[in-house]
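[1] here is my input, please return the structure:
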Amino acid sequence: MNLLLLGKGKTGSLVAEVAQERRHNVQVLTSAENQNGIGLTAEHLRRVDAVIDFTNPEAVLHNMRACIRSRTPIVVGTTGWYDHLPEIEQQAQSAGAALLYGSNFSVGVNVFFEIAAAAAIGVSHGYAAQIVERHHAQKKDAPSGTAVSIQNIVSEVAKVRPEITSVREGEIVGTHVLLLDSQNDTMMLVHDAKNRRGFAEGAVRAAEWLKGKSGFYEFRKIFRELG
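    Now for the predicted structure:
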């Protein structure tokens, strides 16, 4: 596949490495070359099988809209834009475009989401739920998109939105804890990322999955189908 990578920070750089290992051709468009999505011209995107976005909440909206207009499949690993999710979904569906987004592309985290959904039933049996997430000091959004996903999952099951505590320190890749506490006992579910490679592998495999499709997808709903 011909992949276009937007954003070459810590995760984006690893996405390029994993994509090349999986025998894809990779182009990179830097933020300086793509202010307000200006680099995502129809001519440029005509030669691209899929775009992978790991930019920032301000840039990603321009990038998604450009890909939707050209009907170029896009995998979005950027978070912090979900207030616009209904609008972007409507645009993608109307255009017949393909967009796949996720708060976290690690398969392990998405398995963790399933475990969190099963554990959330404890709230109806007297357990109080709380979420704690820890990331490196440079992370811009708080709470993390992953923590918000856990919050939404618990809310769907338990009809209660647990509080999120965010910690930013050092070089922590990402730790998420779902705590369920009662007078009798405590359950603590933890996902601790050792590195960013799981995120990168999931994003590249998502782009492979999205090829030839149209529609609006969330990674946690389709990760079981990855090749």
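[2] show me the protein divided up by domain.
    Per automatic domain parsing, the domain ranges recorded for the chain read 2-105+197-225, 107-192.
[3] tell me, how many residues neighbour residue 70?
    Other residues lying near residue 70 total 19 when counted by other CB atoms under 10 Å. Any C-beta I mention is one placed from the backbone N, CA and C, and that applies to glycine too.
[4] over to the one 5 residues further on?
    Other residues near residue 75 come to 30 when the count uses other CB under 10 Å.
[5] what does it show for phi and psi?
    When read as degrees, to the nearest 10, the backbone of residue 75 gives phi -100, psi 120.
[6] thinking again about what came up before, what would the domains of the chain look like in a markdown table with mean pLDDT?
    Converted to a markdown table, the domains of the chain look like this (pLDDT from 0 to 100):
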| stretch | mean pLDDT |
| --- | --- |
| domain 2-105+197-225 | 94 |
| domain 107-192 | 96 |
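[7] just say which of those domains is most tucked in.
    Highest mean neighbour count among the domains of the chain (mean count of other CB atoms under 10 Å): domain 2-105+197-225, with a mean of 19.
[8] endpoints of that domain, how far apart?
    21 Å (CA to CA, to the nearest Å).
[9] look up how far residue 39 lies from residue 48.
    According to CB to CB, to the nearest Å, residue 48 stands 11 Å off from residue 39.
[10] who touches both of those two?
    Listed as contacting both residue 48 and residue 39 by CB atoms under 8 Å, 6 or more residues apart in numbering is no residue at all.
[11] can you give me the strands for the protein?
    For the chain, the strands defined by DSSP state E cover 2-6, 25-29, 50-53, 74-76, 98-101, 128-135, 163-168, 175-181, 186-192, 215-218.
[12] columns distance to residue 87 on top of those, output as JSON lines?
    JSON lines is the format used below for those (distance: least, CB to CB, whole Å):
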{"stretch": "strand 2-6", "distance to residue 87": "20"}
{"stretch": "strand 25-29", "distance to residue 87": "24"}
{"stretch": "strand 50-53", "distance to residue 87": "17"}
{"stretch": "strand 74-76", "distance to residue 87": "14"}
{"stretch": "strand 98-101", "distance to residue 87": "12"}
{"stretch": "strand 128-135", "distance to residue 87": "27"}
{"stretch": "strand 163-168", "distance to residue 87": "24"}
{"stretch": "strand 175-181", "distance to residue 87": "28"}
{"stretch": "strand 186-192", "distance to residue 87": "30"}
{"stretch": "strand 215-218", "distance to residue 87": "11"}
